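*Asks:* just a sequence and a predicted model for now, questions to come.
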Amino acid sequence: MAHSLRPVASPADADDGRQFTLADAQRVYTLAREDSRLGAKVREALDIVERALDEYGLEQIALSFNGGKDCTVLVHLLAAAILRRQNPSLIDSPSSSSPTSSASLPPIPTIYVRCPSPFPQVEAFVSLCARWYALELEAVEGGMREALQVYVDRRKSSLALSNGTEGRRGEIKAVLVGTRRNDPHGEHLRPFSPTDAGWPDFMRVHPILDWSYGDVWAFLRAETLTLGDDGEGREGKRRGLEWCELYDYGYTSLGSTHNTFPNPLLRATTSGPISRPSSPTSSTAKGVGQPLGGWRPAWELEDESAERAGR
């Protein structure tokens, strides 16, 4: 590593007991009604997620989640869509106060394709997200194609062994993926794209396919969004979503420790304090008043085409 990182807290130590709530979902749908670029992006993404849920049902859908910024956006959108289906009257009324119902997320089938030598910060964040979003997480090592095949086969075997007694489970028919248009092989994808020949047979669903790098960070850092809002008001508590802390250290795209480094365009040119927006999820709000290890945070990258410059 070119710089040192903070010691990694264990998920048990870092877990604050939060879980995604109806109030969190309502805030997502309120954002989707805004007449703004981000509002439009959220509307489009939610429409794709809801179409997938209508077509396949949660029992035949899985989420691909690896702790990166894109799938962190995706899991929050998926959680909101699931709770809306369960509580439409509470979510769809923008004039109502924050819902206080104790409705909770059902387990969300999730595959974590673990890369070789993952960052411990990523591993810890994935574990926390599993608690926050009720992810029924299964980690599989290897390449994406092989890992997905293992996951699909395990699901089939589990169904066969249960002899149909696992009521809400079914064979995987669709996998939600956080791929965006500028990702490798993303240029010609559609929101709903069947897998290619030689891959496990299912529908790939890409809700944020046409989001930009800036859109992703605008969502994650939106002051109106929350994680774990109990509907009783959170005065004095910060709002905003969470992300893997590596993004605070200049990383803009995450992979293995063998080939992932801070983005060279984010090397800090000053050792003094950096002015940050007052977002509750900014580094300042996280107790950081100057560049972490000599690097500026991921959301300060100006050239979006250089997102993968550290890989």
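*Replies:* It's in.
*Asks:* in the protein, which spans are helices?
*Replies:* 11-14, 22-32, 37-56, 69-86, 88-91, 120-132, 144-162, 213-220 (DSSP state H).
*Asks:* for residue 205, which of the ones you listed is the nearest?
*Replies:* Closest to residue 205 of the helices of the chain is helix 37-56 (Cβ to Cβ; 4.7 Å). C-betas here are computed from N, CA, C, even on glycine.
*Asks:* possible to save the helices of the chain as JSON lines with mean pLDDT, distance to residue 109 and mean neighbour count?
*Replies:* Formatted as JSON lines, the helices of the chain follow (pLDDT from 0 to 100; distance: least, Cβ to Cβ, whole Å; neighbours: other Cβ atoms under 10 Å):
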{"stretch": "helix 11-14", "mean pLDDT": "54", "distance to residue 109": "20", "mean neighbour count": "12"}
{"stretch": "helix 22-32", "mean pLDDT": "95", "distance to residue 109": "19", "mean neighbour count": "22"}
{"stretch": "helix 37-56", "mean pLDDT": "98", "distance to residue 109": "11", "mean neighbour count": "18"}
{"stretch": "helix 69-86", "mean pLDDT": "98", "distance to residue 109": "11", "mean neighbour count": "23"}
{"stretch": "helix 88-91", "mean pLDDT": "80", "distance to residue 109": "22", "mean neighbour count": "16"}
{"stretch": "helix 120-132", "mean pLDDT": "97", "distance to residue 109": "12", "mean neighbour count": "21"}
{"stretch": "helix 144-162", "mean pLDDT": "88", "distance to residue 109": "8", "mean neighbour count": "15"}
{"stretch": "helix 213-220", "mean pLDDT": "98", "distance to residue 109": "23", "mean neighbour count": "21"}
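*Asks:* need those in JSON lines (columns: distance to residue 256).
*Replies:* Shown next, in JSON lines, are those (distance: least, Cβ to Cβ, whole Å):
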{"stretch": "helix 11-14", "distance to residue 256": "21"}
{"stretch": "helix 22-32", "distance to residue 256": "32"}
{"stretch": "helix 37-56", "distance to residue 256": "28"}
{"stretch": "helix 69-86", "distance to residue 256": "17"}
{"stretch": "helix 88-91", "distance to residue 256": "39"}
{"stretch": "helix 120-132", "distance to residue 256": "10"}
{"stretch": "helix 144-162", "distance to residue 256": "13"}
{"stretch": "helix 213-220", "distance to residue 256": "21"}
